[in-house]
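K.L.:
My questions are about this predicted structure, shown below with the sequence.
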Amino acid sequence: MAKFTSQERNTIKSLVAALTIKRIPDNEIMKEITKKIGKTITRKTIYNVRNRIKKESYNWYKTLRQGEFDYIYEFKERINEIMDLQKRHREIINNNLHNPSIVQTSLAELHRLNITLSNYYDIAPHIVGNLKNDNSLSIKQQDKEIIV
């Protein structure tokens, strides 16, 4: 079996994750990895990479779940990130009014970000509600912790 550098391992992990989500067959994933890094991998390697990704994801979620407000903090950070991206796209639009293709692309992305943000706001009360049920915290206690 070939030895991989840290960068190659990261590339493999990224490709396996992205292509698995798209439901690309293993043999196509293997071809794509060979094309990107110039080394071949086996199906067993793909299987092992998927298992590692699952374990890392589980451990990440478990860590967030154990902290009382860690998950809400991360959720709020994602909302802030989307709001920052929206602001940047508005700036792109305002600075490129003479270039309709750039404006159109940014408007499409801004629309997608608006939908994502709306979905986040829709589920936020449920997250706080589940925390209340899981940790027996009152809404007042949660509000004090969430407000920045």
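P.N.:
Yep, that arrived. The structure presented is a predicted model; accordingly, all values stated were derived computationally and were not measured.
K.L.:
Show the contacting residues for residue 78.
P.N.:
When contacts are counted by Cβ atoms under 8 Å, 6 or more residues apart in numbering, residue 78 touches residue 120. From N, CA and C alone the C-beta is placed, and that goes for glycine too.
K.L.:
please renumber so the chain begins at 206
P.N.:
Noted, 206 is the first residue going forward, which turns the last one into residue 283.
K.L.:
how close does it get to residue 313?
P.N.:
21 Å (Cβ to Cβ, to the nearest Å).
K.L.:
pLDDT score assigned to residue 272?
P.N.:
Residue 272 carries a pLDDT value of 77.
K.L.:
ditto for the one 10 residues further on
P.N.:
Model confidence at residue 282, expressed as pLDDT, equals 92.
K.L.:
check which helix or strand covers it.
P.N.:
helix 275-300 (DSSP states H and E).
K.L.:
starting at the chain centroid, how far to that helix?
P.N.:
Counting by Cα atoms, centre = their mean, to the nearest Å, helix 275-300 is centred 13 Å from the centre of its parent chain.
K.L.:
I'd like the next helix or strand past that helix.
P.N.:
Later in the chain than helix 275-300, the nearest helix or strand by DSSP H and E is helix 305-340.
K.L.:
Packing partners of that following helix?
P.N.:
In terms of contacts (3 or more Cβ pairs under 8 Å, 6 or more residues apart in numbering; DSSP states H and E), helix 305-340 is packed against helix 275-300, helix 344-351.
K.L.:
same thing but 6 Å
P.N.:
helix 275-300 (3 or more Cβ pairs under 6 Å, 6 or more residues apart in numbering; DSSP states H and E).
K.L.:
low pLDDT regions in this protein?
P.N.:
Within the chain, the ranges that satisfy pLDDT under 70 run 206-207, 273, 335-353.
K.L.:
and it, what are its domains?
P.N.:
Annotated domains of the chain cover 211-266, 272-351 [automatic domain parsing].
K.L.:
Residue 265 - how many residues pack around it?
P.N.:
Residues lying near residue 265 (other Cβ atoms under 10 Å) number 11.
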